[in-house]
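Novice: build the 3D model from these lines:
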Amino acid sequence: KHASFYFPDGNLVILVEATLYNVYRHVLMRESELFSKLLSPREGIQCDKRFADHKPLRWDSVTCKDFDLLLSILYPPCVGDVRTFADLGTTDWFSVFTIASDWSFNAIRDLAITELTILTSPLQKVWYSRKYDIPGWEFDSYKILCTQSEPLTEEEGECLGLKEVIIIGGIRETYLR
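Specialist: Residues are numbered from 1 along each chain as shown. Model (predicted):
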């Protein structure tokens, strides 16, 4: 049982790796379209009897660390305490973003985008904007890559691909003249 996210009065038991979580079903249903559909009483099944300690909802596609990060946003230690987020780094926010995107936690996805906009490099933004269709990130990042004083690194070139490197090189050459 998880030390922080196994609530004695919770009504949804979730198994991640070898750890049991007991959370409030209505919070997940309110914040996630996926959980709203998955746990909807319209299915004709009693949700509170469906996922208990002896028969939890298994979530194999996530790690405890990543699930803890998501739950720390859904259940902050002190309501409204933004210091909770101050401890999260770029890797943490990418984890939150990925889970929020995959599980349709739209408000949390937007929060992660806001935080990552500040924390990430232009190259990371290009990659994530392509993978997850984040409006504005790709254009803004290309603008930075085209106007920066330093040339692209080998790593950036490999990540972007030959076509993009040629386009950026052409724009940079025109811009720097």
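
Novice: excluding sequence neighbours, find me the nearest residue to the residue positioned nearest the centre of the chain.
Specialist: With distances taken as Cα atoms, centre = their mean, F97 lies nearest the centre of the chain, 1.3 Å away. Nearest residue to F97, sequence neighbours excluded (Cβ to Cβ, 6 or more residues apart in numbering): A112, at 3.7 Å. Placement of C-beta: from N, CA and C, glycine included.

Novice: three-state assignment of the one you found?
Specialist: Here A112 is recorded as helix under DSSP: H, G, I helix; E, B strand; the rest coil.

Novice: neighbours of it, how many?
Specialist: Neighbours of A112 under the rule other Cβ atoms under 10 Å: 27.

Novice: what about it, distance to F7?
Specialist: Taking Cβ to Cβ, to the nearest Å as the measure, A112 falls 24 Å from F7.

Novice: residue ranges with poor pLDDT in the protein?
Specialist: For the chain, the stretches flagged by pLDDT under 70 are 42-51, 79-84.

Novice: thinking I108 is in contact with L69, fair?
Specialist: No - counting by Cβ atoms under 8 Å, I108 stays clear of L69, with 10.0 Å between them.
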